[in-house]
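Student: Sequence first, then the predicted structure:
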Amino acid sequence: MSAVKVSDLKVGQELELDIKLNSGAVLFKAAEKISFKHIKALKAWGFTEVAVVETQSDTRVENFQDSDLASDSTTEHIFSKSNHEDPAIIELKRISLSFRKTE
Amino acid sequence: MNDLNILVRKVEKISSLPTVFVKISELINDPTSTSSDIAHVIEVDQALTSRLLQLANSAFYGMPGKVNTISRAVTIIGFKQLQELVLAISVRDQFAQIGENSPLNMTSFWQHSIGCGVAARVLATFQGTPNPDSFFVAGFLHDLGRLVLLEHYPQKYLEVIEKAKDTDCFLHEVELEVFGFTHADVGGALIKNWQLPDFLFEAVNYHHSPEVLSKVNEYVAFIHIANIITHACQLGFSGNEFVPPLSQQIWEESKLKVSALEPVVNKVIEQYSEMVSFLVAGVK
Ligand SMILES: [Fe+2]
Ligand SMILES: [Fe+2]
């Protein structure tokens, strides 16, 4: 494992550990492949370093994991006290969820 | 004198408004002062100088070429905006030592404050409201009262956090129950005590209860919405897990369109990390 500065991350590198927000919610799961979106989100959340798998890697795309399931419950939880019929809230939920999606 | 005022008086003693801010405000109100007079005051403070230069060189101001001097930064940012940014920076520095006993992570707290400030500024820009930087300051200060409560009642506040968790309530609801006032009241009282402008008082004091005002201005509306955006995007953490309720009335009065939310959030994300690096670096 090696800690890599977010600014030095390369697309295709693999996360070694889950990336958690301060609230405990999982932003990205271990073993996810870094995409441009990951880098953007990590910067946006103020992460400066992340642990990535140390390997020159034969990019096995099958390893890619979808984090939608975990994020869905996070989104439902944080919005649990909002008005679910309000169009602005529906849109914010969609946006909030799309942050945690990988592609 | 009620408990809230006693608390604010106590706080005022340890954190009176930073002198550099007071001096700059005096100069700005004096029509004979020049940008180099203001620059001289700022340059005495090394940390403030470097932060302002970073800001003037940031993507937000998008200036071609490098801004190397404070007097040039003053010209770019503008007198009034500069005064407000100095307020944000100096409040942040003033309160940097606070929170050692806090049950909340201070870095996350400041990130939440910056997220709300950036979101408010983006909303104002998006709606073509003048002076978007003052929206940043209002958003940045919106939860300051919580810091005061955390500092003065760390133990009691831990109970507030636990009770909110156990009962699935918002922190401000439990604060009201436990203290008899909320962090919004404390922040408002502090801003009044510092004799800061009314728009800051209103935006901070009513960010969880904007409907109680008979007339809502853009500051109150955008800070209320910006706080919700910050929660929805989980930028930082201010102790509340849940996205606070969006006031229907305020949403309508803001004249924002649902379709604006995505471009707004994209802009917020773009500006957020840059502001975090200006204002959070060095927080314990
Ligand atoms: Fe709040
Ligand atoms: Fe807040």
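Tutor: Now that the structure is in, tell me what you want to look at. Ligands and ions are numbered 1, 2, ... in the order given.
Student: Residue numbers of chain A in contact with ligand 2?
Tutor: Nowhere does chain A come near ligand 2, counting by C-beta under 5 Å from the ion. In short, each C-beta sits where N, CA and C put it, glycine included.
Student: Toward the C-terminus, what is the element adjacent to the helix or strand bottoming out on mean pLDDT in chain A?
Tutor: Here the helix or strand of chain A ranked lowest by mean pLDDT, DSSP states H and E is helix A:68-78, holding a mean of 68. Proceeding N to C from helix A:68-78, the next assigned helix or strand is helix A:87-100, under DSSP states H and E.
Student: Show me chain A divided up by domain.
Tutor: Chain A breaks down by automatic domain parsing into domains covering A:2-54, A:64-102.
Student: could you list every residue that touches the nearest residue to A:Val52 once chain neighbours are set aside?
Tutor: Sequence neighbours aside, A:Gln13 is the residue nearest to A:Val52 in space, at 4.6 Å (criterion: C-beta to C-beta, 6 or more residues apart in numbering or on different chains). A:Gln13 makes contact with A:Val4, A:Lys33, A:Ile34, A:Val52, A:Val53, A:Ser57, according to C-beta atoms under 8 Å, 6 or more residues apart in numbering or on different chains.
Student: ok now do B:Thr182, which residues does it touch?
Tutor: B:Gly145, B:His172, B:Glu175, B:Leu176, B:His208.
Student: thought the third one was touching B:Ile161?
Tutor: No. Because the distance of 10.1 Å does not satisfy C-beta atoms under 8 Å, B:Glu175 is recorded as not touching B:Ile161.
Student: So for these two, which residue has more residues nearby?
Tutor: Higher neighbour count among B:Glu175 and B:Ile161: B:Glu175, with 28 against 16, using other C-beta atoms under 10 Å in any protein chain shown.
Student: can you tell me the helix or strand for that one?
Tutor: Short version: B:Glu175 belongs to helix B:171-179, going by DSSP H and E.
Student: Now the element after that helix, going C-ward?
Tutor: helix B:183-193.
Student: Distance from that next one to the middle of the chain?
Tutor: Chain-centre distance of helix B:183-193: 12 Å, with C-alpha atoms, centre = their mean, to the nearest Å.
Student: With stretch B:54-68 instead?
Tutor: Worked out by C-alpha atoms, centre = their mean, stretch B:54-68 lies 22 Å from the chain centre.
Student: Also stretch B:215-227?
Tutor: Centre to centre, stretch against its chain (C-alpha atoms, centre = their mean), the figure for stretch B:215-227 is 13 Å.
Student: So is it next to ligand 2?
Tutor: Yes. Stretch B:215-227 lies within reach of ligand 2 by C-beta under 5 Å from the ion, at B:Asn227.
Student: Mind listing what's buried along that stretch?
Tutor: Neighbour counts over stretch B:215-227 (16 or more other C-beta atoms under 10 Å in any protein chain shown) mark B:Val216, B:Glu218, B:Tyr219, B:Val220, B:Ala221, B:Phe222, B:Ile223, B:His224, B:Ile225, B:Ala226, B:Asn227 as buried.
Student: Out of those residues, which is nearest to A:Leu92?
Tutor: Nearest to A:Leu92 out of these is B:Ile225 (C-beta to C-beta; 9.8 Å).
Student: pLDDT wise, what is that closest one at?
Tutor: Per-residue confidence (pLDDT) for B:Ile225: 98.
Student: Next, find the distance separating it from B:Leu55.
Tutor: B:Ile225 sits 24 Å away from B:Leu55, taking C-beta to C-beta, to the nearest Å as the criterion.
Student: Name all residues that make contact with B:Trp251.
Tutor: A:Asp86, A:Ala88, B:Ile225.
Student: make it 7 Å
Tutor: By C-beta atoms under 7 Å, 6 or more residues apart in numbering or on different chains, B:Trp251 lies in contact with A:Ala88, B:Ile225.
Student: State the helix or strand in which it lies.
Tutor: Per DSSP H and E: helix B:248-254 holds B:Trp251.
Student: tell me which residues in that helix are buried?
Tutor: B:Ile250, B:Trp251, B:Glu253, B:Ser254.
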